[in-house]
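Trainee: can't give you the sequence, but here's the structure:
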Ligand code: HEM
């Protein structure tokens, strides 16, 4: 069926709104979409033509049905400079070859093995809280900073096992944060690029990227050395690095080159750290905002894991509310709030021609808040994700992990980690709001709270 052409937001309007867009891109997009419809042509930041959409059918067309005609855009490929060519930044046949090699590392069986390690990181965070509180007393902390530490520990240790010491882990996290912040700045405020050149900021961050590679390379070296020195019969470590070292391409039977390995490790660290940290932060905030749900979750944990029994991978299906809270938190605050794609050849959608080179901004936040897709879209209601709930979450209307062949490879890893950290936190602490103001949104590459997000953690009896 031929659809009317997608409306065009006049350039003057986006230019006039560009300050508001820079300050509050989500508010600005929502306002335009409410006026122009679910798909519109506009100028991002007043300069970059893009089709922005929160239409599930178009999003499915691009991510799944016709995915071969779409690549990521320079917005994602720009990360190549700092992180190299790994799953997130790769394309085409090379991407597919890598994906086939890496995906088995994230299968259920391996996740079950990583559960203990994830739980240990969650317990370290709870021990940090314990050091600050007594029974009944509370500590106030910036939840985002705390969850960033937990999420980084989890992904870095899952990847490197014991090959990365605590101080190296902190170093790596600091460098990655600096590189990401700089990259986002160059995208969001392109007019500052000349200033960055003059100030030597590009060179400084290039050097950080080199140092990061050297640190990761040294960790690989230590891992190999430990393996070689281990007595015969010692089981190989269960970390993702070992999995990548063991993996062989189907066609050649060869292993990855060291350069490729480094790139993939960098990408796993980046893709798997801030996203999870944001999801956890928002989940804790929503539980603080909804004490009834928090009580229900605490009761579910006490019932299913009596006597402080540590949660194993196999226990998680018996704690459905923990998963539903995580899912609903990622609906309201999708860490990957917008996804970019560019048409690599001419295409058509519902009779509408799409020119080669068209940039698409698939607005995941808009899908997740769409009033026509979700009853009471702004209301926190984890039961939407209960088995058999009516209406069921809409197909291609709920995409926290993306969709189609480039679906997040770490989806199950992340869901496991998020549930474990929530369970270990909520069973011991009651989370409370500090102040009445709702946190602001800071949509950079991922959707994080603006500034700090203080929460109060009160030790349960
Ligand atoms: C709550 C946590 C997470 C969220 C919300 C999330 C979200 C996403 C999304 C939306 C994509 C697709 C991007 C696109 O199509 O343009 C993606 C891809 C990816 N994610 Fe995640 N992710 C999370 C955690 C993780 C973790 C823990 C890892 C690894 C340990 C990971 C590794 C990756 C990789 C490697 C890709 C690229 C996959 C490919 O293109 O083949 N992610 N993620």
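Mentor: That came through, no problem. Here the structure is a predicted model, which is why all the values come from computation and not from measurement. Residues are numbered from 1 along each chain as shown.

Trainee: Residue of the chain closest to the ligand, please.
Mentor: Residue nearest to the ligand within the chain: residue 410 (2.3 Å; C-beta to the nearest ligand atom). C-beta: built from backbone N, CA, C; applies to glycine.

Trainee: ok, residue 154 touching residue 418?
Mentor: No: taking C-beta atoms under 8 Å as the definition, residue 154 is not a contact partner of residue 418, at 9.9 Å.

Trainee: Any chance you could list what contacts the helix or strand where residue 14 lies?
Mentor: If you go by DSSP states H and E, residue 14 is part of helix 11-16. With contact meaning C-beta atoms under 8 Å, 6 or more residues apart in numbering, helix 11-16 is reached by 21, 32, 42-46.

Trainee: Please tell me which one of those residues counts the most neighbours.
Mentor: When neighbours are counted by other C-beta atoms under 10 Å, residue 42 leads the contacts of helix 11-16 with 27 neighbours.

Trainee: And that residue, how close does it get to residue 289?
Mentor: 33 Å (C-beta to C-beta, to the nearest Å).

Trainee: Same question for residue 178.
Mentor: 32 Å.

Trainee: same thing with residue 67?
Mentor: Residue 67 sits 37 Å away from residue 289, taking C-beta to C-beta as the criterion.

Trainee: Same check on residue 431?
Mentor: Residue 431 sits 9 Å away from residue 289, taking C-beta to C-beta as the criterion.

Trainee: Which residue of these two possesses the greater neighbour count?
Mentor: residue 431 (22 against 14).

Trainee: Go ahead and confirm that one touches residue 288.
Mentor: Yes: the pair residue 431 / residue 288 is scored as a contact, 4.4 Å apart, by C-beta under 8 Å.

Trainee: any residues in contact with both of the two?
Mentor: With C-beta under 8 Å, 6+ apart, residue 431 and residue 288 have common neighbours 294, 455-456.

Trainee: still on that earlier bit, chain center to the helix holding residue 14, what's the gap?
Mentor: Averaging C-alpha positions (C-alpha atoms, centre = their mean, to the nearest Å) puts helix 11-16 31 Å from its chain's average.

Trainee: next structured bit after it?
Mentor: Next element after helix 11-16 (DSSP H and E): helix 18-23.

Trainee: That next one - what's its average pLDDT?
Mentor: In this model, helix 18-23 carries a mean pLDDT of 76.

Trainee: Please shift the residue numbers so they start at 40 in all later answers.
Mentor: Okay, residue one is now 40; in that scheme the one you just asked about reads as helix 57-62.

Trainee: residues in contact with the nearest residue to residue 333 once chain neighbours are set aside?
Mentor: Nearest residue to residue 333, sequence neighbours excluded (C-beta to C-beta, 6 or more residues apart in numbering): residue 326, at 4.3 Å. Residue 326 makes contacts with 332-333, 336, 364, 461, 465, 470, as judged by C-beta under 8 Å, 6+ apart.

Trainee: With residue 210 instead?
Mentor: Contacts of residue 210 by C-beta under 8 Å, 6+ apart are residue 254.

Trainee: if we can go back for a sec, compare the contacts of residue 326 and tell me which has the most neighbours.
Mentor: residue 364 leads those on contacts (other C-beta under 10 Å) with 28 neighbours.

Trainee: Residue 373: how many residues sit nearby?
Mentor: Residues near residue 373, counting by other C-beta under 10 Å: 28.

Trainee: for residue 257, that is, sorry about that
Mentor: 13.

Trainee: Understood, closing this out.
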